[in-house]
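Asks: my questions concern the predicted model and sequence given below.
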Amino acid sequence: MGLVRLPKLSYYWSKDKILGQTFPRTVLSHNRFEIILQYLHFSDNETANKSDRISKIRPIIDMVNNTFQKYYSPKEDICVDESQVPFRGRIVFRQYNNSKRHKYGLKLFKLCTIPGYTCKFSLYGGKNIDTVNTTPTSVVMSLCSQILNKGHTLATDNWYTSLELAYNLLEHQTHLIGTIRKNRRGLPKDVVEAKLQKGEFMAMENEDGITILKWKDKRDVMMLSTKHSDKMPTITKKGKQITKPKVILDYNKSKGSVDMSDQMSSYSSPLRKTIKWYRKLGIEILLNTAVVNAWIMFTETRNTKMSIVEFRKSLVDYLTSSSDSQQTESGVTVSRPKRLKHELLTKTGTVRYTRRFCVHCYKDMVKQFGRKLAKNKAKKVNTFCAHCDGNPHICLSCFNKIYRYV
């Protein structure tokens, strides 16, 4: 549905010569799709933690985060930033962000690495309930808990960057670079209040190796870094020689990984309007974020260039094809089994040889009355399922109860 956009869900199964599609009905029926979509959920309401606002999506967030971290090692440069999942329904922790394309939605804190792979993410559940995402420092330390003490360099914007965060990361052998607000505590006044002309800079470094730099471009830019000095390399941009601080060049290189992940997710996105917030977030996680991560791993391991749209198309073709073969770890090529459609048929012939006990009714009778009484109470039928092993006899009511949605 992301590859082919239609205004209504029913149009995908329509036989109209203009809007009709032939592919969806080869995969599943319209009624089956509507039923699956209606009952789609990710947790058990009876066992869920009632005090957790995001308990409806918590299991899938934990599962996907574990998978993301298990199969991909982030590069040296990583980035933490927020992402917005569009949603305008009524929910307590819906956020408004004027800087995003979708102003209203669910806020995700994401840890990404170049070229846009999402290593970990968390959903903001509101400041009164959320015990982890309460301050910028706690957000960053929670997302980076699995990759500390490995020499990574983290890029953050001015909402996260602070001296407190810099010291916490240095204790775990992790560097920090990012823009910083001039009203943060502990910044040197000489740097904050310096009056600079375009191209000039001023920097100060403390005993712990934390550098605060102010550089004047079109406007004043305040930077914090735990691994840079005041070096000013010269680069070529549009045929012109430009001098920029090294900290800004490295920050620009790694800060866009979250934006790149969001950009790749927006291409052929299958998201549609819904009043269920957990359903929309679940589809965003499984069919956007996870697909982008799979695309990045595929292009890196195969050393090939494939657009995200072509990757989605190949993924759809693989998941819905019944005749494609796949290769196992041992090198044996195995054909994917075709999905069987259960069908109730009637045996023809004399009654004596065609009627048998309904297997499901007989089993229920044995459990209730025992084997002897079950032979007298269970009904015999001449209908059977041709696609089940052994072609078992089954009555119409049991068939509708068991195979109606299979």
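Replies: Cool, the structure landed. Numbers count the residues shown, from 1 in each chain.

Asks: so how far is Pro245 from Gly370?
Replies: 86 Å (CB to CB, to the nearest Å). Any C-beta I mention is one placed from the backbone N, CA and C, and that applies to glycine too.

Asks: neighbour count for the two, which is higher?
Replies: Per other CB atoms under 10 Å, whichever of Gly370 and Pro245 has more neighbours is Pro245, with 24 against 10.

Asks: pLDDT at the more buried one, what is it?
Replies: Pro245 is assigned 89 on the pLDDT scale.

Asks: what residues does it make contact with?
Replies: Applying CB atoms under 8 Å, 6 or more residues apart in numbering to Pro245 gives the contacts 201, 203, 213, 215, 223, 228, 230-232.

Asks: change it to 6 Å
Replies: Residues near Pro245 by CB atoms under 6 Å, 6 or more residues apart in numbering: 213, 215, 232.

Asks: Tyr72 now?
Replies: Contacts of Tyr72 (CB under 6 Å, 6+ apart): Tyr117.

Asks: and it, which of the three is it?
Replies: coil (DSSP: H, G, I helix; E, B strand; the rest coil).

Asks: distance of it relative to Lys379?
Replies: 57 Å.

Asks: just for the stretch 251-400 of the chain, where's the confidence low?
Replies: Applying pLDDT under 70 to the stretch 251-400 of the chain picks out residues 322-341, 351.

Asks: let me see the ranges of the helices in it.
Replies: For the stretch 251-400 of the chain, helices defined by DSSP state H, counting those that start in this stretch occupy the ranges 257-266, 277-284, 290-302, 308-320, 351-354, 359-369, 371-377, 396-403.

Asks: could you report the neighbour count for Ser99?
Replies: 7.

Asks: straight-line length of stretch 299-317, end to end?
Replies: 18 Å (CA to CA, to the nearest Å).

Asks: cool, and stretch 23-36?
Replies: 18 Å.

Asks: what does it contact?
Replies: Contacts for stretch 23-36 (CB under 6 Å, 6+ apart): 12-13, 320.

Asks: pull out the buried members of the residues you listed.
Replies: Among the contacts of stretch 23-36, those classed as buried by 16 or more other CB atoms under 10 Å are 12-13.

Asks: of all the contacts of stretch 23-36, which comes closest to Gly125?
Replies: Closest to Gly125 out of these is Tyr12 (34.1 Å), distances taken as CB to CB.

Asks: which residue packs closest to the closest one, ignoring adjacent ones?
Replies: Pro24 (4.4 Å; CB to CB, 6 or more residues apart in numbering).

Asks: same check, this time on Leu224
Replies: That would be Ile180: by CB to CB, 6+ apart, it lies 4.5 Å from Leu224.

Asks: kindly report the same for Gln241.
Replies: Thr234 (5.5 Å).

Asks: ok, the one you found to Ser55 distance?
Replies: 54 Å.

Asks: neighbour count: these two, which is higher?
Replies: More crowded of Thr234 and Ser55, by other CB under 10 Å: Ser55, with 18 against 8.

Asks: ends of stretch 244-264, what's the gap?
Replies: End-to-end for stretch 244-264, by CA to CA: 29 Å.

Asks: ditto for stretch 286-295
Replies: 13 Å.

Asks: any idea how far the helix or strand containing Pro59 is from the chain center?
Replies: If you go by DSSP states H and E, Pro59 is part of helix 58-70. Mean C-alpha position of helix 58-70 versus that of the full chain (CA atoms, centre = their mean, to the nearest Å) differs by 9 Å.

Asks: now do whichever helix or strand comes after it, average pLDDT.
Replies: Of the helices and strands lying after helix 58-70 in sequence (DSSP H and E), the nearest is strand 77-86. The average pLDDT within strand 77-86 is 92.

Asks: for stretch 189-200, which positions count as buried?
Replies: Those would be 191-192, 194, for stretch 189-200 by 16+ other CB under 10 Å.

Asks: quick check: Leu286 vs Leu315, distance?
Replies: Relative to Leu315, and taking CB to CB, Leu286 is found at 12 Å.

Asks: who touches the spatially most central residue of the chain in this structure?
Replies: The residue lying closest to the centre of the chain (CA atoms, centre = their mean) is Ile285, at 2.4 Å. Each residue near Ile285 by CB under 6 Å, 6+ apart is listed here: Val64.
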